[in-house]
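Colleague: Sequence and predicted model, in that order:
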Amino acid sequence: LYSSPKEPVSTLLPEPLLSKESGSFSCMVDGVRLEIAHADIQYVESLENYVKVITDKKTYVTRLTLKEAEERLPKPPFVRISRSYIVNAIHINNKEPDSVWIGSKELRIGKVYKRYVAEQFASE
């Protein structure tokens, strides 16, 4: 399992952007309002009108579209990489032209999002 970010984290984002990570993502899970720290979120996956919020400890499902989640998460470090995924750049272990890796999970970058994703990571 994924325990802690590997060495390249400091190269992913300039220092001031990492300090923004103190916020949290508020959502309803099973009728209970939860605050999930931005730093804990590895990625968000779309399930049509729901999203799965994946952290290293737990996965939460909440009624929200990916577009709504995208609007509520800070950019950077969160980057939309496809119709299905928003990733937290501080948790990326490896980047390839067509995908990013978070721990052992490969997330494909959508064709439509390729240029946008490349621009977001170009500032590293």
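Modeller: Done, it's in. Quantities reported herein were computed from a predicted structural model and do not represent experimental measurements.
Colleague: Now the element after the helix or strand of the chain with the lowest mean pLDDT, going C-ward?
Modeller: In the chain, no helix or strand scores lower on mean pLDDT, DSSP states H and E than helix 15-19, which sits at a mean of 36. Remark: after helix 15-19, the chain's next helix or strand is strand 24-29, criterion DSSP states H and E.
Colleague: contact partners of that following strand?
Modeller: The contact list for strand 24-29 (Cβ atoms under 8 Å, 6 or more residues apart in numbering) reads 33-38, 41, 53, 60-64, 69, 72-73. The way it works is simple: take the backbone N, C-alpha and C, and place the C-beta from them, glycine included.
Colleague: If you count neighbours, what's buried in that strand?
Modeller: 25, 27 (16 or more other Cβ atoms under 10 Å).
Colleague: where along the protein do the strands fall?
Modeller: 24-29, 32-37, 41-47, 50-55, 59-63, 78-80, 85-88, 94-95, 99-102, 105-108 (DSSP state E).
Colleague: would JSON lines of those with distance to residue 121 and mean pLDDT be doable?
Modeller: Below are the strands of the chain laid out as JSON lines (distance: least, Cβ to Cβ, whole Å; pLDDT from 0 to 100):
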{"stretch": "strand 24-29", "distance to residue 121": "22", "mean pLDDT": "94"}
{"stretch": "strand 32-37", "distance to residue 121": "23", "mean pLDDT": "95"}
{"stretch": "strand 41-47", "distance to residue 121": "15", "mean pLDDT": "97"}
{"stretch": "strand 50-55", "distance to residue 121": "20", "mean pLDDT": "97"}
{"stretch": "strand 59-63", "distance to residue 121": "25", "mean pLDDT": "97"}
{"stretch": "strand 78-80", "distance to residue 121": "8", "mean pLDDT": "97"}
{"stretch": "strand 85-88", "distance to residue 121": "11", "mean pLDDT": "98"}
{"stretch": "strand 94-95", "distance to residue 121": "7", "mean pLDDT": "94"}
{"stretch": "strand 99-102", "distance to residue 121": "9", "mean pLDDT": "97"}
{"stretch": "strand 105-108", "distance to residue 121": "14", "mean pLDDT": "97"}
